[in-house]
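# Quick one: sequence and predicted model below, then my questions.
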Amino acid sequence: MIAACGEGAVSAQKSNVKGPIESQIAKIDSNYKPAQCNLFLCRGQQFADNQNKVQTYKTGQVVNFVLDIENHHPVGYANVSVIDTATNQIVGKPLIAWDPYFTGYPYPKEQENFNVTIPELSGKCKTAGVCVLQYHWYSRTDKQTYQNCVDFVV
């Protein structure tokens, strides 16, 4: 990741692994290569660094997400979607979505522990590195973006 994103963005992520993407952007240095590091795609994580973490799912399989939310910023929107990593676009529709998301504390447990079902992807995600399951949360109040991704194949 350092080769693509530069030491600044990587050190910002390492210093706060649950932090917002905007913290990484604030630390971009001269070694940042935007053509290779899209911080708004899985926080700039590179598939080459995560090949040993690829999950294998089947169409119709239920996948549980349990979030450990540390930054309790209220009022925003969130979703979990299949993302095409070449275009950073949602494949189909979000698998689950909330708007508004986190409107009061304590937060609803169903927004921190939930299931999604792997949809029919017409062969789209057969090759590792082509798709990710992405949790995306934007806090309107704090204007901060949070993401986590799971590399997967179907």
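Alright, I've got the coordinates. Numbers count the residues shown, from 1 in each chain.
# list the contacts for the closest residue to Phe152 other than its chain neighbours?
Leaving out its chain neighbours, the residue that sits closest to Phe152 by C-beta to C-beta, 6 or more residues apart in numbering is Gln55, at 4.4 Å. For glycine as for every other residue, the C-beta is placed from the backbone atoms N, C-alpha and C. If you count contacts by C-beta atoms under 8 Å, 6 or more residues apart in numbering, Gln55 has them with Val150, Asp151, Phe152, Val153.
# which SSE is the third one in?
This means Phe152. strand 144-153 (DSSP states H and E).
# Let me know the next secondary structure element after the helix or strand bottoming out on mean pLDDT in the chain.
Least confident helix or strand of the chain, by mean pLDDT, DSSP states H and E, is strand 96-101 with a mean of 94. Using DSSP H and E, the next helix or strand after strand 96-101 towards the C-terminus is strand 113-117.
# Report the buried residues of the lengthiest helix in the chain.
The longest helix of the chain (DSSP state H) is helix 2-15. Neighbour-count burial for helix 2-15, counted by 16 or more other C-beta atoms under 10 Å, picks out Ala4, Cys5, Gly6, Gly8, Ala9, Val10, Ala12, Gln13.
# My guess is Lys124 contacts Asp84. True?
Yes: using C-beta atoms under 8 Å, Lys124 makes contact with Asp84 at a distance of 7.4 Å.
# Tell me how the protein divides into domains.
Following automatic domain parsing, one gets these domains for the chain: 1-49, 53-154.
# So what would you say the end-to-end distance of the last one is?
Criterion C-alpha to C-alpha, to the nearest Å; first-to-last residue distance in domain 53-154 is 14 Å.
# Contacts only, for Gly60.
Applying C-beta under 8 Å, 6+ apart, one finds that Gly60 lies in contact with Thr117, Ile118.
# Which pLDDT value goes with it?
Listed pLDDT for Gly60 reads 98.
# What distance do you get for it to Pro119?
8 Å (C-beta to C-beta, to the nearest Å).
# Same check on Trp137?
Distance, Trp137 to Pro119, using C-beta to C-beta: 21 Å.
# out of the two, which sits in the busier spot?
It is Trp137, of Trp137 and Pro119, that has more neighbours when counted by other C-beta atoms under 10 Å, with 23 against 16.
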